[in-house]
Structures are given as C-alpha cells and as structure tokens.
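Student: A predicted structure for the sequence below; I have some questions about it.
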Number of protein chains: 2
Amino acid sequence: MYNQLEQYLKDNSNINSESIQKVTSHFKPLKTKRNEILCSVGQVCKNFYFINKGCLRMYEIDSKGNEATAYFALEDQIITAITSFVLQKPSRDFLVSIEPSDLLIISRDSFFKLVETVPEFRDVYNKFMEFAFIHSQMRIYSFLGMEGIDKLRWVMEHEPKLLTRISSKAVASYLGMTNSTLSKLRAQL
Amino acid sequence: MYNQLEQYLKDNSNINSESIQKVTSHFKPLKTKRNEILCSVGQVCKNFYFINKGCLRMYEIDSKGNEATAYFALEDQIITAITSFVLQKPSRDFLVSIEPSDLLIISRDSFFKLVETVPEFRDVYNKFMEFAFIHSQMRIYSFLGMEGIDKLRWVMEHEPKLLTRISSKAVASYLGMTNSTLSKLRAQL
DNA sequence: TTTAATAGTTGTCATATGACAACGTTTTCA
DNA sequence: TGAAAACGTTGTCATATGACAACTATTAAA
C-alpha cells in the first residue's frame, strides 16, 4: 500500500525509517472511478494526493467554455489543485481522475504539520514545488511562439506517455489547441 | 541600502531583527547598466538578486531565433535564472537588466546556507517558489487557447506596469506574439 | 549636436488554426 | 447485448497572426 510512497520519499530526501513511518501514517487510501471530481471550481482544496495507480488531471474552463489543462499526474507522482491548496482560496481548477485510480490522500492540515515537523518532508515539498515550477516554465517557454506541430513534437519528446494513455481531447487542451487541430497535426507526422 | 530587502523579508515571514541582520549581511550591492547580462545561456547561474531599483528580464531564444520571455522583475522583487540556479545545470535562459539597476546580489552558496540555517529565510524562499509557480500557472492557463487581444487585456489587468515601462518588443515576447502583432492589437483597443 | 542604430507602426500577403459539420468508431452503462 | 453518448477524423471555410517590408519615431553613442 505504502511502498510506492516510501520510495518516492526516499528518492526525494534523506529520510529515515522512523520519519517515513510518521509521514505515511497520515496518508489514507482512496479509490476513485473514472471522472471523479477531487476538487471542483469554487471549492477550497483541502487535500493532497499521491498516485499509486491511475491518472489525475488538473484543468480549468475559460470564459469561452474551452478547457485548458495545467497538468496530468501519473503513477508515483503527487498532485493537488496547488494554487488553491497553497493560498486556500476557491479553486479556479478542477482536479479529476481520468482513469479509475488508487490514491493516497492527506489533508492539508496534516500535510503542513508534517512540513513543519519533519524536515525531510519539508524537503520533499520544496522539491515538488521546484519541480512544478520548472515544469511549468518549460511549458511556457516551449509553447510561447511555438507552432502546433512543434508543441506536439515537444510532448512526444518530453512526456510521451501522455500521448499513448490520455485522450486526444485532453492532450489537445494541454497543448492549447482544439482536438481537430491535434488530429490533423498527428496525421502530418 | 537594505531597507527594501528588510521590508521584503518582513512581508514574507515572521523574521526578527537578528535574523534580518544575518540575512542582509550576505547581500552585496551591485549597480548595472542597461542590457547587462547577469546570466548567459550555457552558464550555471550562481547568484540570486533583489531589485532595489530597475528591472530585470529572464528570457530564452528558441530554435528559430525568437525570444520568449519567462518573466520580468521590478523593484522589491527577487529573481534569478531559477531553473539553472536550482538544478545547477547550464542555463537555457538569459538574465539581463533592461534598465540601469541597483541590485543586491547573494551567491548561491550563501543563499542555501541561509535557507538551511534561518528558518524564516527558508519560508521566504518557499514563498518565492510558490509565488513563482502560481504566477507561471496563471500564465499557462491564461494564455493557452487565448487570442492575442485577450492576452493583452490580461496583462493590462494583471501586470499593467509592464505595458508602461517595458519595450513593446519585450512585452510581445512575454505574450508569445511578434511585435508587429502587438502593435496592431494595441491599435484595436 | 549629429549620425547611426534600434524600436514602433502600418500595410500586404501567406498560412496555421479555430469553428463547424458530417461521419465512423469506440466506450459506457442500463 | 444494444442504444446512446462521447470521441476521433476529415473536410470546408473564415480569420488571427506571422513574415516581410517600408517608413517614421525614438534612443544611443561619438
């Protein structure tokens, strides 16, 4: 149940067994179906998730009704509706399972209590933030001024799993294009 | 000299006078001209900056020779070529002054020593990361699938200073469009 | 101050992409 | 299993934006 999370903690800090025990004890298993909403627009996000199996997606719906995906998280990754989780303001995003998923869930209170009391867990959080930021920068850069075909190639190179596993529609919303455009670009390759 | 930095530290943590003293003592003043390069592509970024006066810009040049601006930092903000600074890999970005600027500079070694030894400074760093990430998310979202005119309106609403202070060319590279397009959009308003 | 370089504006034209629709395929769930 | 919904593909057409160029305005440097 906690093997993957333990490995994640070890990979991202110099954490010892005792602290691992302390940290993992605050995570509870949660099974979701496909398309289950973990955080909805307007809600204040109260939880943080580790993915044992499955896939979550964070996205918003803009003023024209179009979806824009911020990111996807697969196995052995952590995710939350970060802006809302951090600032405790109503979320502009949906956090949704796009596959039936086995998750580990921790409340915000427990999460930040651990951040304060377990230095290694604080390191894990900071690394997560750094990674999230760096990933986000890569996308801004990579996508600004890039043509559709190049965005597609970028994802093929950097996040190929997305293309095999996730619906074209969702990938298109991640690339900032319509699904019909993505379909035509795929045909061009 | 250190008034603004002190205020910044106070605004972003519950730091006491002693720690303020300890932190600020590691920052050294640095005056730059216009268009001075603080970190170049290929360099590993070794410093972190606080801006007393002036403006810095972080950008990259893509494979087609087009500039893409990640962000601008004005007075009372901190900035570095973050990805390189964090990962200590050669930077893909330029960090450049776009005005003559009065900066405070701290080396990466001192910076992370402070992060480890001064809990309040660690908080400041984490807040910076959180802010940087959240800002970056806002842009990804806001710009994905948005038309040029709406991106321009977004900046007018969220970062109006950029439009009055920074060259159109640089703003265009921040919005992911050419300067001629930006110019035409401005005429439309 | 003068000259050169840079930046901004505007026009024309080509093109990538969105909007929409038609259609076939796959998935869902009763 | 069968019906309905969702998804993916492909076509047509309209349009926003890039590329390029010509010109003006502004800024920098000698």
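Tutor: Looks like it came in fine.
Student: the worst-scoring helix or strand of chain A on mean pLDDT - contacts with which helices or strands?
Tutor: Least confident helix or strand, chain A: helix A:119-143 with a mean of 89, by mean pLDDT, DSSP states H and E. With contacts defined as 3 or more C-beta pairs under 8 Å, 6 or more residues apart in numbering or on different chains; DSSP states H and E, helix A:119-143 has these neighbours: helix A:3-11, helix A:17-24, helix A:108-117, helix A:148-158, strand B:67-73, helix B:82-87, helix B:119-143. Every residue, glycine included, has its C-beta placed from N, CA and C.
Student: between those, which one is nearest to DNA strand C?
Tutor: Evaluated over the helices and strands packed on helix A:119-143, closeness to DNA strand C peaks at helix A:148-158, with 2.8 Å, by C-beta to the nearest atom of the strand.
Student: about what we covered before: CSV for the helices and strands packed on helix A:119-143, including distance to A:His135 and mean neighbour count?
Tutor: Below are the helices and strands packed on helix A:119-143 laid out as CSV (distance: least, C-beta to C-beta, whole Å; neighbours: other C-beta atoms under 10 Å in any protein chain shown):
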stretch, distance to A:His135, mean neighbour count
helix A:3-11, 16, 16
helix A:17-24, 23, 16
helix A:108-117, 20, 16
helix A:148-158, 9, 16
strand B:67-73, 13, 21
helix B:82-87, 10, 20
helix B:119-143, 9, 20
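Student: put together TSV for those, with distance to B:Met58 on each row.
Tutor: Shown next, in TSV, are the helices and strands packed on helix A:119-143 (distance: least, C-beta to C-beta, whole Å):
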stretch	distance to B:Met58
helix A:3-11	29
helix A:17-24	35
helix A:108-117	28
helix A:148-158	20
strand B:67-73	5
helix B:82-87	8
helix B:119-143	11
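Student: output those in CSV, with distance to DNA strand C appended to each entry.
Tutor: Formatted as CSV, the helices and strands packed on helix A:119-143 follow (distance: least, C-beta to the nearest atom of the strand, whole Å):
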stretch, distance to DNA strand C
helix A:3-11, 24
helix A:17-24, 31
helix A:108-117, 30
helix A:148-158, 3
strand B:67-73, 10
helix B:82-87, 24
helix B:119-143, 12
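Student: out of the ones you listed, nearest to B:Ser19?
Tutor: The closest of those to B:Ser19 is helix B:119-143. By C-beta to C-beta, the value is 5.5 Å.
Student: the closest residue to A:Arg165 other than its chain neighbours: neighbour count?
Tutor: Nearest non-adjacent residue to A:Arg165, counting by C-beta to C-beta, 6 or more residues apart in numbering or on different chains: A:Cys55, 6.8 Å away. For A:Cys55, the number of neighbouring residues by other C-beta atoms under 10 Å in any protein chain shown comes to 23.
Student: for A:Cys55, what are its contacts?
Tutor: Each residue near A:Cys55 by C-beta atoms under 8 Å, 6 or more residues apart in numbering or on different chains is listed here: A:72-74, A:97-99, A:101, A:165-166.
Student: of all the helices and strands packed on helix A:119-143, which lies closest to B:Met156?
Tutor: Among the helices and strands packed on helix A:119-143, the nearest to B:Met156 by C-beta to C-beta is helix B:119-143 (12.2 Å).
Student: what angle do the helix or strand containing A:Phe50 and helix A:17-24 make?
Tutor: Here A:Phe50, judged by DSSP states H and E, is contained in strand A:47-53. Using axes from the mean of the first three to the mean of the last three C-alpha atoms, to 10 degrees, the direction of strand A:47-53 lies 110 degrees away from that of helix A:17-24.
Student: show the buried residues in the contacts of A:Cys55.
Tutor: Among these, those classed as buried by 16 or more other C-beta atoms under 10 Å in any protein chain shown are A:72-74, A:97-99, A:101, A:166.
Student: with pLDDT added, can I get the residues you listed in TSV?
Tutor: Below are the buried ones among the contacts of A:Cys55 laid out as TSV (pLDDT from 0 to 100):
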residue	pLDDT
A:Phe72	94
A:Ala73	95
A:Leu74	94
A:Ser97	95
A:Ile98	94
A:Glu99	92
A:Ser101	93
A:Ile166	95
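Student: what's the closest non-adjacent residue to A:Ser40?
Tutor: Nearest one to A:Ser40, counting by C-beta to C-beta, 6+ apart, is A:Phe94 at 6.0 Å.
Student: pLDDT wise, what is that neighbour at?
Tutor: Per-residue confidence at A:Phe94 stands at 94 (pLDDT).
Student: what's the burial count for it?
Tutor: 20.
Student: quick one, phi/psi of it?
Tutor: phi -100, psi 140 (degrees, to the nearest 10).
Student: who does the closest residue to A:Phe72 other than its chain neighbours form a beta bridge with?
Tutor: For A:Phe72, ignoring the flanking residues on the chain, the nearest one in space by C-beta to C-beta, 6+ apart is A:Arg57 at 5.2 Å. Counting by DSSP bridges, A:Arg57 forms beta bridges with A:Phe72, A:Val96.
Student: who touches A:Arg57 in this structure?
Tutor: Taking C-beta under 8 Å, 6+ apart as the criterion, A:Arg57 is in contact with A:69, A:71-73, A:94-98, A:166, A:170.
Student: sorry, back to before: now the residue nearest to A:Arg165: phi and psi?
Tutor: Here is the backbone geometry of A:Cys55 (degrees, to the nearest 10): phi -160, psi 130.
Student: likewise the one 5 residues further on?
Tutor: For A:Glu60, the backbone dihedrals (degrees, to the nearest 10) come out as phi -130, psi 160.
Student: can you tell me which residues in chain A are near chain B?
Tutor: Applying C-beta under 8 Å from any C-beta of the partner chain, we find that chain A lies next to chain B at A:60, A:62, A:64, A:66, A:68, A:70, A:82-83, A:86-87, A:92, A:125-126, A:129-130, A:132-134, A:136-137, A:139-141, A:143-146, A:173, A:176-177.
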